Every structure is written in structure tokens, then in C-alpha cells.
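[1] structure for this input, please:
(2 chains)
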Amino acid sequence: MKSKQHFERTHRPYLHYVIRPIGRKCLPWAMRWGLTPNQVTLSSTVALLASMVLFGIGGYWVQLLAAGVLQVREILDTIDGDLARQTGRTSRKGEYLDAIGGYLLGGLLLPSIGLGLARMPDATHRVLSRVVQLSSWGYLAIGLWAGLACILARLISLRYRCLFGAFLRGADGKLLRAASCFGDSLFLLLVVGAATRGLAIVMFGFALFYTARLLSAVRSALSV
Amino acid sequence: MRIKEIRNAYSLRKKEEDRGDIWLYYVVRAMSFPLTGVFLRIGISANQATYISMVVGAAGCGLLAFGNYAMRIFGALLANFWIVLDCADGNIARFKKTSSNYGELIDALSGYMMNGLLFLSVGIGAFIHIESSFGVVTQFLCINLNEGILIILGAWASLAIILPRLIYHKFINTFPEAQSAEIKPGAKYSKGLYHFGYRMVHNITSFSGFLTPILLFATIFRFLSIFVFFYAAMNTGVLIITTGRIILKGRELSR
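    Numbering: from 1, shown residues only, chains lettered A, B, ... in the order given. You can find the predicted model right below:
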């Protein structure tokens, strides 16, 4: 538990310093209302789906709302685990449902942002158009690629874990820390991107990040 | 070394697993035995065969995406050859008794690569060389579509076929007692219409089924646009049904 906390503090600062403290404040309410951890997990999945639909609709205020709903999803995602530990209700089903939510997020969030940008390109579209000739529907293709790369990287890591019983580390030390911090900042950057009409840049950044993660996972798997 | 000896190393259990995949069982596996013989004669190991399959698969995807008509046909042939190589590496490992976790990992990697890239590549290829079949699809659907939809549907088809695999492997990792045979959507209904439907869909959508011969056929007769639309729809169905069944199975096991 301590090592998990230490990892979270050094590698996932946004989760550790922003999301988890809010989650801890909400935890007594969840207990008072008699919610089960799985109910909280399901609520977080519903919040995720709602956020994806909103991102897919597009438009400034709708995307800002979507980014806000995604923060709620993140808070709920921390509450379910804490609630399960506090009430002694940890279960394999809970762990599994939690993981499925994470996979849906990894695979479908960026495509839905791409869909929203394809329907209503934001301010950064003009900036990006000066660098690369890209039709607005290109954002959906980029979002789908980012989702695919993310899922493939996770699939390779999971298969490795099934076969060898250990985590596949694509990077070590400072590189791992930098990569984890950047991956963790997705939710914060989505809020910033939606607020400053710069979601296209954020999506580009994460498409490159997930591609790098996929290549790193393939390289690590081949050099076992 | 005789092909018969290689064939004998093909275990009954593996035979039973393959039997449902008609194309794999009757055509691909039969073609893989002579190829395995050649590989064994020139001293190629199972892992080296997997590396060759990765290169062949990647080249096939590249040609399908960016080649001209003749190159795309060659790319489709390479995709068909990839599945033969995918069987050959397993044959070598079983024959030489050199199966290992690493071999299994790179074999899986090769499969993920093909699943992840093939539909996307076909989508890109169909977009670069727009065929008359695209007009047929848009007329059939009665909607005016931009050609870029082909890349989008190709990428979606790839994502929709990969995501259930991730969910399935997480399921196996979380519930080790549930092995593949139990969770396959058709397993509970070993007979009847559902089983027939499952087998049919599996044979159409998977690499061990008719996917690669259909791809070759579609490339030769220039209906790759229909291929992309068809597999995007089929893979979406597979994603929804498989995910739903796995979640239900997880609920059942956790009781």
C-alpha cells in the first residue's frame, strides 16, 4: 500500500494531489448512502460514456462540460477502490469492472474527441492546418489510431503479465516517470484544451504519446 | 524428415481446437506442414518463423495500404501467407518440443499486429484508390459519404476487433479458472441456432476463418470498399456481443 502511494506521488501527481483528496472527501458520503463499490464503478462507467457522448457532439461549452464530467469519472474511479478497502468488499468482479472502464477510456475516449473535432474543429485547427494539410475528418482518424495504439500497448503488456507473471516495463527511471506523469496529465490537459479551444493539439500530443508507448511495448516484448 | 512425422506432432487437442475453423483446418494447416518441413530442413527455429511472419504481415499491410492494384494483390497474398506462417511456427515448436512463454508472446504479438493493422491498411488503400464499389455502398446506404470514411471505418474495424481481446485477457487474468473453451460465446450452446450463428460469424471475421481469402477476392475484384464497410459492421457486432458475454460470465463466476 505504501509503495503504491509512493508510486502515485512520484508518477501520477495529478491523481495524487488533486483527484484522490477530493475522492477522500466524498468517501464518507458514499458510505453514508450505503453505496457498494461496484455501484460506484458502474456510475463511473456511466460518467465516462456520458463524457464520450458530449465530446462526440462537439462545440466549446459541450466539450468543457465533457471534460468536467470526465473529472467526476476520475473521482468516482478513486472512490470505488477506497470504498472497497474501507468496507472490506474487495472482489475480483470489482477489479474486473474497474479494468473494463479503464479499457473503454483508453480505447474510445480519444476517438470520441476526434469525432467532436471533426464535426466542429476548434481554434487550433487553423494553426495545425498551417503545419499539416488535414481535413477536419482527419481528427477522427487520428483519434481512432490513438485509441488503437493505446489498446494494443495494453494488450501486449497484459499478455506479458499473463505469461510471465510480471509487469512489462517499457521504460525505467526518469523516462518511466516522465511518461507516467504525462499519461496522468491527460484529464487535466483535456480541461485546459477544452477551455482554451486547443483540444486538437492535446489529441495530437496523446496520439504521439500512445504511439510511442506501443512501440516501446513491442520493443520490450521482443527483447525479453 | 517426413511430413507425416510433423503431422503426428499436431496434437489431438490442437486438432479439436482447430476443427471449427474450416479454412484453417482444411486448407491453411495442410499447407503449413510442407512449409514446416522446409523450415526444419534449413534449420529455422519456431521463433525465427514467427519473426518471418511478422515481417511478412507488416509487408502485406504496407502493400495493401500504399501499393497500386498489382501490389495490393501481392499484399493480400502475403496476408494469406502470414496465416500459413503463423501455423508453421507452432508446428515447429511442437515438433521440436521447443514451446516457450517467449514464443507464445511473440506469436501473440504477431497476431495483434495483424489484427490491429490489417483493416486500417485496407481502409487506407481503399481511400487512396477509390473503387466503383464505394459508389455502390453509398447508393445502397442512401447517404452521401466522404471517401475519408474508409480510413475511419478501417481504423474502427481494427479497434473493434482488438478491444474484446484485451477484455478477454483481463478476464482470464482475473478469473484464471475460466479457460478459453468455457468463455467462447458458443460454448454454452454447443448445439442449435446460436452455435451455428457463432461458428459462422467466427469463420467470417477471424484470421483463422475466411477473412484472408475474402480479402484476396475483394482485392482482385476491386470491392475493398465493401470489404471495409462489411468488416466494420461485423467487428462492431463482435465487440458488443463478446464484451457482453464476457461481462455476464464474470458476474456468474464471481457469485
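
[2] quick check: buried residues in the helix ranked longest in chain B?
    Scanning chain B for the longest helix, with DSSP state H as the assignment, gives helix B:224-253. Going by neighbour count (16 or more other Cβ atoms under 10 Å in any protein chain shown), the buried part of helix B:224-253 is B:224-232, B:234-236, B:238-239, B:242-243, B:245-247, B:249-250, B:253. For glycine as for every other residue, the C-beta is placed from the backbone atoms N, C-alpha and C.

[3] ok, which of those also contact chain A?
    Among these, the residues within reach of chain A (Cβ under 8 Å from any Cβ of the partner chain) are B:243, B:247, B:250, B:253.

[4] want to throw those into JSON lines with distance to residue A:110 and pLDDT?
    Listed next are these as JSON lines, based on distance: Cβ to Cβ, whole Å; pLDDT from 0 to 100:
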{"residue": "B:243", "distance to residue A:110": "19", "pLDDT": "85"}
{"residue": "B:247", "distance to residue A:110": "23", "pLDDT": "81"}
{"residue": "B:250", "distance to residue A:110": "26", "pLDDT": "78"}
{"residue": "B:253", "distance to residue A:110": "32", "pLDDT": "79"}
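
[5] farthest pair in these?
    With Cβ to Cβ as the measure, no two of those lie farther apart than B:243 and B:253, at 15.8 Å.

[6] which among the ones next to chain A among the buried residues of helix B:224-253 gets closest to chain A?
    Closest approach to chain A among these (Cβ to the nearest Cβ): residue B:250, at 5.3 Å.

[7] does that closest one touch residue A:93 like I think?
    Yes: if you go by Cβ atoms under 8 Å, residue B:250 and residue A:93 touch, sitting 6.1 Å apart.

[8] name the helix or strand for residue 61, please.
    Assuming you mean chain A. helix A:60-87 (DSSP states H and E).

[9] right idea, wrong chain: chain B
    Assigned by DSSP H and E, residue B:61 falls in helix B:46-66.

[10] restricting to C-alpha, output that helix in PDB.
    Output of helix B:46-66 as PDB, limited to C-alpha atoms (Å, rounded to 0.1, in the frame of the first residue of the first chain):
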ATOM      1  CA  ALA B  46       9.900 -21.600 -34.200                       C
ATOM      2  CA  ASN B  47      10.800 -18.100 -33.000                       C
ATOM      3  CA  GLN B  48      12.600 -17.300 -36.200                       C
ATOM      4  CA  ALA B  49       9.500 -18.400 -38.100                       C
ATOM      5  CA  THR B  50       7.400 -16.000 -36.000                       C
ATOM      6  CA  TYR B  51       9.800 -13.200 -36.800                       C
ATOM      7  CA  ILE B  52       9.400 -14.000 -40.500                       C
ATOM      8  CA  SER B  53       5.600 -14.000 -40.100                       C
ATOM      9  CA  MET B  54       5.800 -10.500 -38.600                       C
ATOM     10  CA  VAL B  55       7.900  -9.200 -41.500                       C
ATOM     11  CA  VAL B  56       5.500 -10.800 -44.000                       C
ATOM     12  CA  GLY B  57       2.500  -9.500 -42.200                       C
ATOM     13  CA  ALA B  58       3.900  -6.000 -42.000                       C
ATOM     14  CA  ALA B  59       4.900  -6.000 -45.600                       C
ATOM     15  CA  GLY B  60       1.400  -7.300 -46.600                       C
ATOM     16  CA  CYS B  61      -0.300  -4.400 -44.600                       C
ATOM     17  CA  GLY B  62       2.100  -1.800 -46.100                       C
ATOM     18  CA  LEU B  63       1.400  -3.000 -49.700                       C
ATOM     19  CA  LEU B  64      -2.400  -3.100 -49.100                       C
ATOM     20  CA  ALA B  65      -2.200   0.500 -47.800                       C
ATOM     21  CA  PHE B  66       0.100   2.100 -50.200                       C
END
